[in-house]
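Undergrad: Give me the fold of what follows.
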Amino acid sequence: MADSVLLDTRDGVATLTLNRPEAMNSLDVETKERLRDLVVQVARAPEVRAVLLTGAGPAFSVGQDLDEHVTLLRQHEAEQVFETVERHYNPIIETLATMDKPVVCAVNGMAAGAGASLALACDLRIMAQGAAFNFAFTRVGLSCDSGVSWTLPRLVGPERALELLYLHETVRADDAVRLGLASRVVADDELGSVASELAARLAQGPTVALGAIRRSLAYAAEHTLPDTLAFEGQMMRLSGGTADHLAAVESFLAKQRPVFRGR
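TA: Numbering: from 1, shown residues only. Next comes the predicted model:
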């Protein structure tokens, strides 16, 4: 049986592909555990300088595997079944959102429920023209998890976030860009190449500086201006102490294009 999540690492880019196309890349326990382990693995790997997350087949991910979920509910107490939030979803989302390297999501089709949450935990989202979001938690009588209460209002504002979660209406790709859920839309057959080119470009950048920018924006969203200024100073010292910074300054003065090594 094929792996439920594929990992391909080349030229500094780790591509993670949800690989249950026959099940619309829904998230059963095996898939969640493999995705969790691989996300941690690429976050720690020094040779990985950018991550690309996508799905195989017509969907990105329709979220929780409901066939498995209802079976588990019939066999166990709900309290036990929903331990999946702490065991699986939380570490996946936190690692995607906080690793010190850029994370790109290529949304190749429907991203619903926790599938949409996975996409929102990434830095940049490129959508195929035929892709869409649906925050369908209430459709199955659930609250929301996998970080969407944190990411969604930051992207679209609290009122629109509530509307999307209350009404779970499908957001097509063009509207997703207009709302701020994605950065751009491309033709379906161009998604792979466009997303790969973006990830490759980021992987060739000053990795420590990119990670520091990621941390700075996350920090600034939760802190005062004085605290943020102090944190920016820490991140400047961190990136300023890298070989990439020194090489870039020397290249600038020599009127040459810098080559970043990610250290």
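Undergrad: What separation do you get for Val62 and Phe260?
TA: Using Cβ to Cβ, to the nearest Å, we find Val62 at a distance of 38 Å from Phe260. C-beta coordinates here come from the backbone N, C-alpha and C atoms, glycine included.
Undergrad: got it, and Arg214?
TA: Distance of Arg214 to Phe260, given as Cβ to Cβ: 16 Å.
Undergrad: Three-state assignment for Cys122, please.
TA: Following DSSP: H, G, I helix; E, B strand; the rest coil, we place Cys122 in the coil state.
Undergrad: what number of residues lie near the closest residue in space to it that isn't next to it in sequence?
TA: Leaving aside its chain neighbours, Cys122 sits nearest to Cys105 (3.8 Å; criterion: Cβ to Cβ, 6 or more residues apart in numbering). The number of residues packed around Cys105, counting by other Cβ atoms under 10 Å, is 27.
Undergrad: doesn't Ala131 make contact with Cys105?
TA: No - proximity of Cys105 to Ala131 does not meet the contact threshold set by Cβ atoms under 8 Å, at 10.4 Å.
Undergrad: got any residues that touch both of those two?
TA: Residues touching both Cys105 and Ala131 (Cβ atoms under 8 Å, 6 or more residues apart in numbering) are Phe60.
Undergrad: so what secondary structure elements neighbour whichever strand or helix holds Ser251?
TA: Secondary structure from DSSP states H and E places Ser251 in helix 243-253. For helix 243-253, the contact count by 3 or more Cβ pairs under 8 Å, 6 or more residues apart in numbering; DSSP states H and E identifies helix 207-220 as packing neighbours.
Undergrad: And for the next helix-or-strand element following the helix it packs on, what's in contact with it?
TA: Following helix 207-220 in sequence order, the next helix or strand is helix 225-240 (DSSP H and E). With Cβ under 8 Å, 6+ apart as the test, helix 225-240 has contacts from Pro206, Val208, Ala209, Ala212, Ile213, Arg215, Ser216, Tyr219, Ala220, His223, His245.
Undergrad: re earlier: ramachandran coordinates for the residue nearest to Cys122?
TA: phi -120, psi 130 (degrees, to the nearest 10).
Undergrad: Equivalent analysis for Pro206, please.
TA: As for Pro206, its main-chain torsions (degrees, to the nearest 10) stand at phi -80, psi 90.
Undergrad: tell me, how many neighbours does it end up with?
TA: Using other Cβ under 10 Å as the criterion, the residues surrounding Pro206 number 22.
Undergrad: burial count for the closest residue to it other than its chain neighbours?
TA: Leaving aside its sequence neighbours, Pro206 sits nearest to Asp244 (Cβ to Cβ, 6+ apart; 4.2 Å). For Asp244, the neighbour count with other Cβ under 10 Å is 21.
Undergrad: what about the strands in the stretch 1-150 of the chain?
TA: Taking DSSP state E, counting those that start in this stretch to define them, one finds strands in the stretch 1-150 of the chain at 5-10, 13-18, 50-55, 59-61, 103-107, 110-112, 124-128, 132-134.
Undergrad: Within its local environment, how many residues does Ala199 see?
TA: 27.
Undergrad: and it, that one's in a strand?
TA: No - assessed by three-state DSSP, Ala199 does not belong to a strand; its assignment is helix.
Undergrad: Let me know whether it touches Val51 as I believe.
TA: Yes - with contact taken as Cβ under 8 Å, Ala199 and Val51 are classed as touching, separated by 7.4 Å.
Undergrad: which neighbours do these two share?
TA: Contact criterion Cβ under 8 Å, 6+ apart; residues bridging Ala199 and Val51 by contacting each: Val13, Thr15, Pro102, Val104.
Undergrad: So of those residues, which two are at opposite extremes in space?
TA: Looking at the shared contacts of Ala199 and Val51 by Cβ to Cβ, the two members farthest from one another are Thr15 and Pro102, with 13.2 Å of separation.
Undergrad: Leaving out chain neighbours, which residue sits closest to Arg139?
TA: Excluding the flanking residues, the one nearest Arg139 by Cβ to Cβ, 6+ apart is His168, at 5.0 Å.
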